[in-house]
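Visitor: 3D model of this:
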Amino acid sequence: MSAQPQASILSVELLSDRTRKPSALLLACSAEAPESLVTLAQHEDLRTLCGRFPCLVISDSVPPAIAQVLRESGCREVAADSIYRAAQLTEQPLAAQVEWIAGNWYMAPPPKPVGNQAASRTLALQLVQLVSADADTHEIEAVLRRDPALSYHLLRLVNSLGMGMNRQITSFSQAILILGRAQLRRWLNLMLFSARSGDERSAMLLARVAARARLMELLAKSAGLDKSGQESAFMAGMFSLLGILFGMPLEEVLRPLKISDALQAALLTREGEVGALLTLVETAEQPDVTALAARLAALSLPASEFNLLNVQAHTWMLDVVRESAGGANA
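Guide: Predicted coordinates for the structure are as follows:
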């Protein structure tokens, strides 16, 4: 069977500003089949993303035809020296022309949690375990009552969502009922990554895990997995960064959680369909379109479809970051 021509692959990399907060997305692409990227650049979803969040492309890094349509979509061309790339941050001041920070600096080990922060993490993991095991609402309430910050953010979330109700939500049981278990499970996991005092990685980790989890879910749906499989894919994306968050082996973090053998295998050894999708998404988070092309080919996933799903996942991430910032600033 002859090989099908591969569409150009769009790479989307999360950047922070000088204050370590998510501030832009850096777009790059492979050189082949540029017309496919022109089609994406004209898509409403990319225009929506560019309209809501700064999307950047390094000058002269893409063919002129693509650069033109990206500009028309709302992308901004920037100089290469305006982006500083680092695996870890130092105390050395950034050059004056640097506006954004790229790289995996926020994947470095966290500051050691102390006092209330350590207790809050323990309780949050207990809540994840209870919700994953579909525990009784009263059991979940009992744990929430032991963490004022976590319970506050939960109630704030439900109140901010509105849900078509005219009165404010004032109890945990109401919040759990209105959100539903599936949404509670998702937002509870996201809350694990919400801003923590003294941990400058938090905002970037939250943005990255949100985009990763949503892209996993979208890819699972595209691959034909059922609702349960899509939820497992979302959870795999979420849980995959818990080791980074807590600064300990992922296997140790997962030990108290009652998750399926298949999900655990996907997380620890990248086995099964979900494991393969997780490997793909991890590859996509690196600015290496050649490696990403190989992964897409191995899964027989059209690059054009992946590009669109990646854009949609990052748009969803913006809502999560906005909600988290609202809670943190209260």
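Visitor: Helix or strand for the closest residue to Leu242 other than its chain neighbours, just tell me which one.
Guide: Using Cβ to Cβ, 6 or more residues apart in numbering and skipping residues adjacent in sequence, the residue nearest Leu242 is Val253, 4.6 Å away. All C-beta atoms are positioned from the backbone trio N, CA, C, and that covers glycine. Take DSSP states H and E as the rule and Val253 turns out to sit in helix 250-254.
Visitor: I'd like the average pLDDT over that helix.
Guide: Across helix 250-254, pLDDT averages out at 87.
Visitor: Name the next helix or strand following it along the chain.
Guide: Going down the chain from helix 250-254, the next helix or strand is helix 261-269, by DSSP H and E.
Visitor: Give me the residues contacting the following helix or strand past that following helix.
Guide: Using DSSP H and E, the helix or strand that follows helix 261-269 in sequence is helix 272-284. With Cβ atoms under 8 Å, 6 or more residues apart in numbering as the test, helix 272-284 has contacts from 11-12, 212, 215-216, 219-220, 223, 225, 229, 232-233, 236-237, 240, 262-263, 265-267, 269-270, 291-292, 295-296, 298-299, 301, 306, 310.
Visitor: Can you pick out the ones from the residues you listed that are in strands?
Guide: Assigned to strands by DSSP state E, the following of these qualify: 11-12.
Visitor: Report the buried members of the contacts of helix 272-284.
Guide: Buried members of those, scored by 16 or more other Cβ atoms under 10 Å, are 11-12, 212, 215-216, 219-220, 223, 225, 229, 232-233, 236-237, 240, 262-263, 266-267, 270, 292, 295-296, 301, 306, 310.
Visitor: hmm, back to that, now for the residue nearest to Leu242: which residues touch it?
Guide: Contacts of Val253 (Cβ under 8 Å, 6+ apart): 125, 242-243, 246.
Visitor: hmm, 7 Å instead?
Guide: Residues in contact with Val253 (Cβ atoms under 7 Å, 6 or more residues apart in numbering) are 242-243, 246.
Visitor: List buried residues within those residues.
Guide: Using 16+ other Cβ under 10 Å as the threshold, 242-243, 246 are the buried ones among the contacts of Val253.
Visitor: what's the closest of those to Gln88?
Guide: For the buried ones among the contacts of Val253, the closest approach to Gln88 (Cβ to Cβ) belongs to Gly243, at 17.3 Å.
Visitor: need the contact list for the nearest residue to the closest one once chain neighbours are set aside.
Guide: Excluding the flanking residues, the one nearest Gly243 by Cβ to Cβ, 6+ apart is Leu250, at 3.5 Å. Leu250 makes contacts with 242-243, 267-268, as judged by Cβ under 7 Å, 6+ apart.
Visitor: need those residues in TSV with pLDDT and distance to Lys258, can you?
Guide: Shown next, in TSV, are the contacts of Leu250 (pLDDT from 0 to 100; distance: Cβ to Cβ, whole Å):
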residue	pLDDT	distance to Lys258
Leu242	86	15
Gly243	88	18
Leu267	95	14
Leu268	96	15
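Visitor: what bits of the stretch 201-330 of the chain have low per-residue confidence?
Guide: For the stretch 201-330 of the chain, the stretches with pLDDT under 70 are 324-330.
Visitor: Tell me where it has helices.
Guide: 202-222, 227-239, 242-246, 250-254, 261-269, 272-284, 289-298, 303-328 (DSSP state H, counting those that start in this stretch).
Visitor: Show me what the first one is packed against.
Guide: Just to be clear, that refers to helix 202-222. strand 10-16, strand 22-29, helix 227-239, helix 272-284, helix 303-328 (3 or more Cβ pairs under 7 Å, 6 or more residues apart in numbering; DSSP states H and E).
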